[in-house]
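Trainee: Mind folding the following:
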Amino acid sequence: MTTLYIDADACPVKDEAERVATRMRVPMILVCNGGLRPSRNPLVSLVIVDQGPDVADQWIAAQCGAGDVVVTADIPLADRCIKAGAHVLTPAGEELTRTNIGQRLATRDLMSDIRAADPFFRGGGSSFTRADRSRFLQALDATLTIAQRGR
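Mentor: Prediction:
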């Protein structure tokens, strides 16, 4: 059975994911360090992990597997989930796969090095838009359908 895991601490599409999961009758697990209210939806579970760096990521990576879907913006977590056989989407609806995760990890590492070398570097992502939400909804629907079919 497919399960939808949400790296929930800073996820901007929790509500959208819940709507899709409910419509498709897929259990959804929100994983965070706290600060979220439990949903009344019987398909949605809330897992609160201990405080600390990457504790939620470690929990998700240990639980997910083939046929599951993970929503995260964390590239190292995405890599671990892909290796476990899960489908991975970013909150902006980008599918991360074995084909593109290496490039994303390299870019992440490069940007980390640039920030470390220049503390005044102001690089950053663009703001989250309606188009991102729409793209996410379409991608999640398609990805859950594929996951439920076992591909």
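Trainee: How many residues are close by G35?
Mentor: 8 (other Cβ atoms under 10 Å). Where you see a C-beta, it was placed from the backbone N, CA and C, and this is true even at glycine.
Trainee: Secondary structure element holding it?
Mentor: For G35, there is no host helix or strand (DSSP states H and E).
Trainee: Let's test this: name the helix or strand in this protein with the lowest mean pLDDT.
Mentor: Ranking every helix and strand in the chain by mean pLDDT, DSSP states H and E puts helix 101-117 at the bottom, with a mean of 68.
Trainee: just checking, what's the longest helix in the protein?
Mentor: Ranked by residue count, the top helix of the chain under DSSP state H comes out as helix 130-148.
Trainee: quick one: that one to chain centroid distance?
Mentor: Chain-centre distance of helix 130-148: 12 Å, with Cα atoms, centre = their mean, to the nearest Å.
Trainee: And stretch 30-44, by the same measure?
Mentor: Relative to the chain's own centre, stretch 30-44 is displaced by 15 Å; criterion: Cα atoms, centre = their mean.
Trainee: Give me the contact list for it.
Mentor: Stretch 30-44 has contacts (Cβ atoms under 8 Å, 6 or more residues apart in numbering) with 5-9, 14, 18, 21-22, 25-29, 45-52, 55-56, 59-60.
Trainee: Show me what the longest helix of the chain is packed against.
Mentor: The contact analysis (3 or more Cβ pairs under 8 Å, 6 or more residues apart in numbering; DSSP states H and E) places helix 130-148 against helix 14-24, strand 69-71, strand 87-89.
Trainee: Many thanks, have a good one.
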